[in-house]
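Trainee: Sequence first, then the predicted structure:
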Amino acid sequence: MSLERFLQNAVSSWMSEEGPDSDIVLSSRIRLARNLKDYKFPIIFSREEAQEIIHWAERRLSRNSYQENGHFEFLGMDSLKPIEKRVLVEKHLISPNLAESSPYGAVLLSANEEISVMINEEDHIRIQCLYPGLQLVEALKTAGGIDDWIEEQGTYAFDEERGYLTSCPTNVGTGLRASVMMHLPGLVLTRQINRIIPAINQLGLVVRGIYGEGSEALGNLFQISNQITLGKPEEDIVADLLSVVEQIIERERVAREALVKTSDIQLEDRVFRSYGILANSRIIESKEAAKCLSDLRLGIDLGYIKDISKTILNELMILTQPGFLQQYAGGPLKADERDIRRAALIRERLILEKKDEQGGNVQ
Amino acid sequence: MICEECNERPATLHFTKVVNGKKSEVHLCEKCAQDKGEMSLFNGGAGFTFNELLGGLLNGVHTFQQSAHQPMVRSDELRCSKCHMTYQDFIEIGRFGCSECYDTFKNHLNPVLRRLHSGNVVHTGKIPKKAGGNISLKKRIEELKQELKELIEQEEFESAARVRDEIRALEREIHAVQEEGGDE
């Protein structure tokens, strides 16, 4: 398969489109946890219960269409190959938990992959809405609409006092987890991030690096989300997160300006060195790729590099994960083979940019 | 420093717990710490899982609460009639087995939820149309009753009469919903 064709199939809209503030916010996500009243929660439900829920979802959710989003595609975990599951995880459409340990799990996907509904994960139903850029309010609205529609097809476990009942007490109440993925190279390079993270934690929000091991943030990417789900209305949870995110965006912009002012040539050098590695390397580990992609994206945002699309970071961060590389290769790969494939994929992807550029210039 | 729990032995273990930004300090001797389950946070050694941490947190709540209130029913003997999960299971797994568990363990949940949700124990926010039944109507009526009281105090009787009619209409609606519900 050519890379172009592969990309057409592999890239979800949140990876390829630009949203508001997308120079810093890569994506916004809303997740709602819901359970059906009459069944035990997935950690201890019986096989029969699990299958009943799966049948319910297939019958009631995938065959009816929801508004303009049309039909949801129903994918049972038992019918997917391990690599296919891994790709869905890397695209953030399903959780690792659903892929690995839910034999009776399934996912419903909208055609543009902005909406996914996981069935029989930790809760019976997990609605997820993933948008490019900073669009938390919009994502909450969409997720809320799907929530209302799903409720018409079944009966939720809800308690007047505790709200939406969830398997884990950390999700009870609204069942809402709102999160944004942010690219913060300015705050990392100016070492402000170490002071900002504890401050954010104090506000009942959680910051973690994505794709990194432990707290290490790979590629200067951070995910910020709400911790509290009980006793605070959905709109307030999102508004509070949004106000913190907006302040971080402001700080990041100031940090980037300061970096350009104080060390313009050093920064430009860093960006172009990374560009050189990405465009020429024959073997590249995921950690190095993440670092270089972050530099490249910063270079695009600051105007050092003009002929590459901004969404390259979103796209390549996902496409260079092991699952995707193996899908592109058409079979399993060992770690050292993956590093070779990763380098090749990045090189080819950068060449596509050049082709687009030339194509665009033909008059 | 003397142990806060037994007030006898010197406190050798000092815990600082930070939950959602709220800091609390506990000073204990080794024996009391072990009894209270605080040590469980350390015994796991490397490789903490979220479940273990959450379990440790719930466990802490559980023992503190027992020593404070001496409840008549020991919480670890509670068993959910629908999914047969015990309170002890809940603490170990950190997950409820079914929606009934919330009711079964009701009397023990407030300290747990308070810790996890910055002191909150009651839901505010979205109410589902169907499962919520007439909760949203009831809440609206409560708001209107408050408004009515204020209007009467301000001697705005014309507006008060309008609000009163609205309350009556909503009450009729609840009645209708309940009768309809009986048919299903």
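Mentor: Perfect, I can see it now. Numbers count the residues shown, from 1 in each chain, chains lettered A, B, ... in the order given.
Trainee: in chain A, which spans are helices?
Mentor: Assigned helices in chain A, in chain order: A:3-10, A:13-16, A:47-56, A:82-90, A:96-101, A:136-153, A:185-189, A:193-202, A:234-280, A:286-301, A:312-319, A:322-329, A:335-361 (criterion: DSSP state H).
Trainee: will you turn those helices into CSV that also has distance to chain B, mean pLDDT and mean neighbour count?
Mentor: The way it works is simple: take the backbone N, C-alpha and C, and place the C-beta from them, glycine included. Converted to CSV, the helices of chain A look like this (distance: least, C-beta to the nearest C-beta, whole Å; pLDDT from 0 to 100; neighbours: other C-beta atoms under 10 Å in any protein chain shown):
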stretch, distance to chain B, mean pLDDT, mean neighbour count
helix A:3-10, 30, 69, 14
helix A:13-16, 24, 75, 21
helix A:47-56, 10, 91, 16
helix A:82-90, 18, 86, 19
helix A:96-101, 11, 86, 16
helix A:136-153, 5, 93, 18
helix A:185-189, 20, 93, 22
helix A:193-202, 4, 88, 15
helix A:234-280, 5, 95, 16
helix A:286-301, 22, 93, 22
helix A:312-319, 24, 85, 24
helix A:322-329, 22, 86, 20
helix A:335-361, 22, 81, 15
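Trainee: Looking at those, which is nearest to A:A33?
Mentor: Nearest of the helices of chain A to A:A33, taken as C-beta to C-beta: helix A:136-153 at 10.4 Å.
Trainee: Can you give me every residue that contacts the closest residue to B:S99 other than its chain neighbours?
Mentor: Leaving aside its chain neighbours, B:S99 sits nearest to A:A157 (3.7 Å; criterion: C-beta to C-beta, 6 or more residues apart in numbering or on different chains). By C-beta atoms under 8 Å, 6 or more residues apart in numbering or on different chains, the residues touching A:A157 are A:R34, A:N35, A:L36, A:K37, A:Y164, A:L165, B:S99, B:A131.
Trainee: Report how many residues lie close to the fifth one.
Mentor: Each residue near A:Y164 was counted by other C-beta atoms under 10 Å in any protein chain shown, and the total is 30.
Trainee: try the fourth one
Mentor: By the measure other C-beta under 10 Å, the count of residues near A:K37 is 16.
Trainee: right, and it touches B:S99 too?
Mentor: Yes - between A:K37 and B:S99 there is a contact at 6.3 Å, judged by C-beta atoms under 8 Å.
Trainee: before we move on, the earlier item: compute the distance between the residue nearest to B:S99 and B:L116, please.
Mentor: According to C-beta to C-beta, to the nearest Å, A:A157 stands 18 Å off from B:L116.
Trainee: One more: A:E17?
Mentor: A:E17 sits at a distance of 36 Å from B:L116 (criterion: C-beta to C-beta).
Trainee: More neighbours: which of the two?
Mentor: Set side by side, A:E17 and B:L116 show more neighbours around B:L116, with 26 against 16, by other C-beta under 10 Å.
Trainee: Report the separation between the more buried one and A:L80.
Mentor: B:L116 sits at a distance of 34 Å from A:L80 (criterion: C-beta to C-beta).
Trainee: And for A:G144?
Mentor: 29 Å.
Trainee: now swap in A:S225 and tell me
Mentor: For A:S225, the distance to A:L80 - C-beta to C-beta - is 27 Å.
Trainee: again with A:V137
Mentor: With C-beta to C-beta as the criterion, A:V137 and A:L80 are 33 Å apart.
Trainee: same check, this time on A:M182
Mentor: On the measure of C-beta to C-beta, A:M182 and A:L80 end up 31 Å apart.
Trainee: The two - which one has more neighbours?
Mentor: It is A:M182, of A:M182 and A:L80, that has more neighbours when counted by other C-beta under 10 Å, with 24 against 18.
Trainee: excluding its backbone neighbours, what's nearest the more buried one?
Mentor: Distances taken as C-beta to C-beta, 6+ apart put A:F222 closest to A:M182, at 5.1 Å, once the chain neighbours are dropped.
Trainee: Which strand residues bridge that neighbour?
Mentor: A:M182, A:G209 (DSSP bridges).
Trainee: and A:R126, what are its bridge partners?
Mentor: If you apply DSSP bridges, the partners that A:R126 bridges to are A:A33, A:M118.
Trainee: and the longest helix for chain B?
Mentor: Ranked by residue count and defined by DSSP H, the top helix of chain B is helix B:157-183.
Trainee: List the buried residues of it.
Mentor: Within helix B:157-183, the residues scored as buried using 16 or more other C-beta atoms under 10 Å in any protein chain shown are B:A160, B:V163, B:R164, B:I167, B:L170.
Trainee: contacting residues around the residue nearest to the third one when sequence neighbours are not counted?
Mentor: Pointing back at B:R164 there. Nearest residue to B:R164, sequence neighbours excluded (C-beta to C-beta, 6+ apart): B:L148, at 6.1 Å. If you count contacts by C-beta under 8 Å, 6+ apart, B:L148 has them with B:A160, B:V163, B:R164, B:I167.
Trainee: Spell out which parts of chain B neighbour chain A.
Mentor: Within chain B, the residues that sit near chain A (C-beta under 8 Å from any C-beta of the partner chain) are B:20-21, B:54, B:58, B:82-83, B:85, B:93-99, B:102-103, B:109, B:112-113, B:116-132, B:135.
Trainee: Which of those residues are buried? Put it as a PyMOL command.
Mentor: With 16+ other C-beta under 10 Å as the criterion, this PyMOL line picks the buried residues out of these:
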select buried, chain B and resi 20+54+58+83+85+93+94+95+96+97+98+99+102+103+109+112+113+116+117+118+120+121+123+124+125+126+127+128+131+132
